[in-house]
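> starting from these lines, generate the structure:
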Amino acid sequence: MYGAQGCNVPFTIRYHGLVLRLRRLAIPLALCALLASIAALTLRVQPGGKATVIRNGSAVHVQRSRVVVALLLKGSTCLVPKPDDALLFQQLFHVVTRSGDELDLSIRFTYLPPSILPATWPDGDWCASLSTVVRTLANEAVAGASIEEASRHPRAVSDAIVDDLQRHLAAAGLSPHSVVARLDLPKGFELLRPVPEVAARSRRANPVIFIGLDGADWELLDEYMAHGSMPNLAALVRDGSSGPLFTEHPPLSPLLWTSMMTGVSPLDHEILDFTRFNPWSGDKEPITSDERNVPALWNMATESGKRVGVFGLWATYPQNRCAALSSPIASSPCFTPRAWRRRGSSSHRDAKPGLTRRSRIPRQRSISLG
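Residues are numbered from 1 along each chain as shown. Alright, predicted model coming up:
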């Protein structure tokens, strides 16, 4: 019995010693937890290379240290890149030129914010309000230039934007430095620029409208016009002149239309069928404009400084860049949106119900207005 009690004594002593040590540590541990809670509520650690800009009404304050006292952050806050003592602004804007074209404008500068903002400064935290100001100034600066000026003299247009930004930001109390403005023209925009040698030989003339009816058999059209189903076409034939045309063989629509729009033979423009095999997937798909090996009329018109619109023509998808009227090139019927196909084209609406296309080789005829 004594032996059994004696065996419990060392364990009891060790247990009570551990309890005493834990009691001694309880108060320091509680104090550490309390201090950590207070620090979490009152201190904030900023990411490296960042500064916190605090806006309270019209007053602006910058916290540059890594550890910030949260109690001092009264007002709206935002983080701003801080490569050195100055702050960094860098943003991409979508702007509209005088000619109505949308461009990307990248703006970058360093600055020191004012302690007091002007009365006209927009609402919001510092980052959002500065972005609003720069966006407004950028749109105003670009609105005075056309896309042609931006493409021919990009450095001059960018310098004008930089001068305008520096002047207005300095007037608002900022100290902008190293201001950079870069206009990014759309990919392939160089194809829209007139070729001086070609444009010099062009002249002003009345607009030309070319209307083509694919697969329109003149024997059918004569019947439609005789029945009064296509009065507009009848007026063109009556007031203008018409005659037969020779066609290419085989008489395939993409081949023929591309020959008319390029002025060269199918062996030269290389649009030879309705479909092709995709070079990557091997799938059979409608023929595309990528297969065309020569410029078309709209490319020639663009090089001459003219504007052009193309709608519903075979083998024009994907669309080429051209100096468009109010709309770009609309692709062939194979790629026309379903909503357009449901509405139908004007030639379909003109056709007399009940008449169907007969199976015969079309007798082609041209129409020209006198």
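
> so Arg203, which state does it fall into?
Of the three states, Arg203 takes coil according to DSSP: H, G, I helix; E, B strand; the rest coil.

> any idea how many residues pack against it?
5 (other Cβ atoms under 10 Å). (C-beta placed from N, C-alpha, C; glycine too.)

> OK, contacts around it?
The contact partners of Arg203, by Cβ atoms under 8 Å, 6 or more residues apart in numbering, come to none.

> how near is it to Lys306?
10 Å (Cβ to Cβ, to the nearest Å).

> from Pro207, how far out is Ile147?
Ile147 is 21 Å from Pro207, by Cβ to Cβ.

> with neighbour numbers in mind, choose between these two.
In terms of neighbours (other Cβ under 10 Å), Ile147 is the more surrounded of Ile147 and Pro207; the figures are 24 against 8.

> state the distance from the closest residue to Phe277 other than its chain neighbours to Asn293.
Spatial nearest neighbour of Phe277, excluding adjacent residues (Cβ to Cβ, 6 or more residues apart in numbering): Lys284 at 5.8 Å. Separation of Lys284 from Asn293 (Cβ to Cβ): 21 Å.

> so which of those two has more stuff around it?
The residue with more neighbours, out of Lys284 and Asn293 and counting by other Cβ under 10 Å, is Asn293; that gives 13 against 10.

> so that one sits against Pro266, correct?
No. Between Asn293 and Pro266 there is no contact under Cβ atoms under 8 Å: 10.3 Å.

> for the stretch 101-250 of the chain, what spans make up the helices?
Listed in chain order, the helices of the stretch 101-250 of the chain (DSSP state H, counting those that start in this stretch) span 126-142, 147-152, 154-171, 196-199, 218-226, 231-239.

> would you mark the buried spots in the last one?
Put plainly, it is helix 231-239. For helix 231-239, burial by neighbour count (16 or more other Cβ atoms under 10 Å) applies to 233-234, 236-237.

> just checking, Asp273 touches Thr258?
No. Asp273 is beyond contact range of Thr258, at 11.1 Å (criterion: Cβ under 8 Å).

> so for those two, which residue has more residues nearby?
Using other Cβ under 10 Å as the criterion, Asp273 and Thr258 rank with Thr258 on top: 29 against 14.

> which residue packs closest to that one, ignoring adjacent ones?
Closest to Thr258 by Cβ to Cβ, 6+ apart is Ile271, at 4.1 Å.

> how close does the one you found sit to Leu213?
19 Å.

> higher neighbour count, the two?
The neighbour comparison of Ile271 against Leu213 (other Cβ under 10 Å) goes to Ile271, with 26 against 12.

> surely the more buried one forms part of a strand?
No. Assessed with three-state DSSP, Ile271 is coil; it does not lie in a strand.

> gap between it and Pro286?
Ile271 is 11 Å from Pro286, by Cβ to Cβ.

> residues contacting stretch 81-94, please?
49-51, 53, 62, 64, 80, 102-113, 130-131, 134-135, 138-139, 175, 177.

> buried subset of the residues you listed?
For the contacts of stretch 81-94, buried by 16+ other Cβ under 10 Å: 50-51, 53, 62, 80, 103, 105, 107, 109-111, 113, 130-131, 134-135, 138.

> so how many other residues sit close to His249?
9.

> please apply the same query to Ala199.
14.

> now Gln166
Other residues close to Gln166 by other Cβ under 10 Å number 15.

> and it, what does it touch?
So Gln166 contacts 176, 179 (Cβ under 8 Å, 6+ apart).

> and it, how far from Lys82?
From Gln166 to Lys82 the distance is 21 Å (Cβ to Cβ).

> strands along the stretch 51-200 of the chain, start to end?
Along the stretch 51-200 of the chain, counting by DSSP state E, counting those that start in this stretch, strands occupy 59-63, 67-69, 76-81, 87-96, 102-111, 177-184.

> okay, the ones you listed in JSON lines with distance to Arg152 and mean pLDDT next?
Listed next are the strands of the stretch 51-200 of the chain as JSON lines, based on distance: least, Cβ to Cβ, whole Å; pLDDT from 0 to 100:
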{"stretch": "strand 59-63", "distance to Arg152": "41", "mean pLDDT": "86"}
{"stretch": "strand 67-69", "distance to Arg152": "50", "mean pLDDT": "63"}
{"stretch": "strand 76-81", "distance to Arg152": "34", "mean pLDDT": "87"}
{"stretch": "strand 87-96", "distance to Arg152": "18", "mean pLDDT": "91"}
{"stretch": "strand 102-111", "distance to Arg152": "14", "mean pLDDT": "90"}
{"stretch": "strand 177-184", "distance to Arg152": "12", "mean pLDDT": "89"}
